[in-house]
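>>> requesting a structural model of the entry that follows:
(one chain, ligands or ions: 2)
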Amino acid sequence: LTDAHQRREQLAAQFPSLKIDALLVTSASNIRYLTGYTGSNGLLLLAPARAWFFTDPRYTIQAAHEVDCPTTTVKKGPLLDAALPLIKKHGYKRIGFEQQHLSYKAFTKLKGDLPLGVGPKGIDGAIEKIRMVKSPAEIDLIRASVLTNSKAYELAMRRVKPSMTESDLAAEIEYRMRRLGAEKPAFDTISVSGERTALPHARPGHHKFGNNQLLLIDMGATRDGYTSDMTRMAHIGKPSTRTRDLFNAVLESQLAAIDTVRPGRAAADVDKAARRVLKKHKLDKMFVHSTGHGLGLDIHEAPRLGKADNTRLEPGMVITIEPGAYIEGFGGVRIEDTVLVTESGCEILTPTPKELLVL
Ligand code: ZN
Ligand code: ZN
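Numbers count the residues shown, from 1 in each chain. Ligands and ions are numbered 1, 2, ... in the order given. Next comes the predicted model:
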């Protein structure tokens with residue numbers, strides 16, 4: 001059995017408890033996870049012990065190489081139109097679908113095609129739950145992505161100078177990633193300076209850094225489909241005491257959060273540990289996002305390390321730990337590592353030193 005085939009069986013074994021006879025999978029990363037297909041247009045119809053894959057003629061050759069279940073090339077019209085007759089033919093009535101990944105138009109068509117009184121059944125989160133725990137092969141791919149990301153950071157930061165702009169640095173980082181083997185950045189690189197570091201998700205701008213500037217770099221690579229995520233802080237010129245204090249408080253919070261990561265702990269406990277330290281430094285109100293998230297084929301996966309997520313951590317989960325504090329008109333600090341939950345605790349996959357890099 002291939003990995004994809006095993007995952008399909010694992011999922012199909014849950015059909016009785018999900019109360020479905022078959023499942024339509026429409027999210028690109030879930031399709032990749034369940035079939036190996038890396039293209040953009042695809043649809044998977046999964047039934048117990050059977051699966052059918054649909055794509056369009058642009059991907060016929062690629063699908064033949066990647067997908068390990070029968071593939072239909074649909075020359076015209078929506079892929080769903082080719083799946084509906086199969087659903088009917090095999091007498092599948094209760095059809096599961098992904099609420100967040102099926103258009104309203106497709107939903108309406110699917111509903112109209114099913115017997116009266118049996119609507120499609122949302123199964124959001126079921127595949128994502130399986131995806132939370134990574135296989136050894138997936139962990140290797142994430143490790144490679146993390147190393148590529150860190151190497152790109154190291155090479156790009158050597159080139160920082162006062163005449164550079166935020167956008168120049170983001171471009172340099174993304175260029176290095178690709179040269180090192182990534183297929184793309186996992187998200188738009190955040191490279192911001194000065195007061196703008198207080199905007200947790202700012203877009204890189206076009207003004208020059210100058211001689212005295214705090215830098216926040218949040219970057220991730222996608223390599224062989226798997227993502228990485230890291231935030232580091234740097235400073236052009238000598239940082240002020242206030243900047244140092246803010247940095248040290250966030251670092252203490254990040255280390256405290258990492259310290260709580262072990263199997264059996266709730267995701268929310270890790271978040272609590274980060275917040276407790278920031279509260280001690282009167283910075284808890286400036287921490288405006290959750291402490292981290294799972295990653296894998298997608299940059300944001302379950303679990304969410306926030307106040308309300310009681311998912312128990314398990315060996316094989318890969319999560320980020322990224323507390324931050326953001327002060328309007330001054331600046332912000334975030335420190336983020338990609339971390340693997342192990343049998344005894346955790347392993348920090350990110351090799352890049354965390355200290356404030358003074359340039
Ligand atoms: Zn990040
Ligand atoms: Zn992140």
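
>>> just the closest residue of the stretch 51-200 of the chain to ligand 2, please.
Proximity of the stretch 51-200 of the chain to ligand 2 (C-beta to the ion) peaks at Phe187, 8.4 Å away. Every residue, glycine included, has its C-beta placed from N, CA and C.

>>> now do the stretch 251-359 of the chain
Thr320 (4.3 Å).

>>> what is the neighbour count of the residue of the stretch 51-200 of the chain closest to ligand 2?
Counted with other C-beta atoms under 10 Å, the neighbours of Phe187 add up to 16.

>>> pLDDT value on the residue of the stretch 251-359 of the chain closest to ligand 2, please?
On the pLDDT scale, Thr320 is placed at 98.

>>> can I assume it is in contact with Ile299?
No. Using C-beta atoms under 8 Å, Thr320 makes no contact with Ile299, being 9.2 Å away.

>>> give me the common contacts of the two.
The contact sets of Thr320 and Ile299 overlap at Asp229 (C-beta atoms under 8 Å, 6 or more residues apart in numbering).

>>> which residue of the two possesses the greater neighbour count?
A count of neighbours by other C-beta under 10 Å puts Thr320 above the other of Thr320 and Ile299, at 24 against 17.

>>> the more buried one - nearest residue in space that isn't next to it in sequence?
In space, and not counting its chain neighbours, Thr320 is closest to Gly292: 4.1 Å by C-beta to C-beta, 6 or more residues apart in numbering.

>>> what sits against the residue most central in space within the chain?
Against the mean C-alpha coordinate of the chain, by C-alpha atoms, centre = their mean, the closest residue is Ile299 at 1.6 Å. Taking C-beta under 8 Å, 6+ apart, we find Ile299 in contact with 186-187, 220, 222, 227, 229.

>>> what's the farthest-apart pair in those?
Greatest spatial distance among the contacts of Ile299 (C-beta to C-beta): Thr222 and Asp229, at 10.6 Å.

>>> so those two - more neighbours on which side?
Per other C-beta under 10 Å, whichever of Thr222 and Asp229 has more neighbours is Asp229, with 26 against 21.

>>> and the pLDDT for that one?
With respect to pLDDT, Asp229 scores 98.

>>> can you give me phi and psi for it?
Phi and psi for Asp229, reported as degrees, to the nearest 10, are phi -160, psi 130.

>>> repeat that for Arg178.
Note on Arg178: its backbone torsions stand at phi -60, psi -40 [degrees, to the nearest 10].

>>> Leu1 and Leu110: what is the separation?
As for Leu1, its distance to Leu110 is 30 Å (criterion: C-beta to C-beta, to the nearest Å).

>>> so the two - more neighbours on which side?
Leu110 (19 against 9).

>>> excluding chain neighbours, what is closest to the closest residue to ligand 2 within the stretch 151-300 of the chain?
Residue nearest to ligand 2 within the stretch 151-300 of the chain (C-beta to the ion): Asp229, separated by 4.1 Å. Using C-beta to C-beta, 6+ apart and skipping residues adjacent in sequence, the residue nearest Asp229 is Gly220, 4.2 Å away.

>>> the one you found and Tyr226 touch, don't they?
No. Taking C-beta under 8 Å as the definition, Gly220 is not a contact partner of Tyr226, at 10.3 Å.

>>> and the strand or helix carrying Ile87, average pLDDT?
Assessed by DSSP states H and E, Ile87 sits inside helix 80-89. Mean per-residue pLDDT for helix 80-89: 95.

>>> please name the strands paired to whichever helix or strand comes after it in the sheet, noting orientation.
Next along the chain after helix 80-89, taking DSSP H and E as the criterion, comes strand 95-97. Neighbouring strands of strand 95-97 in its sheet, by DSSP bridges, are strand 22-25 (parallel), strand 121-122 (parallel).
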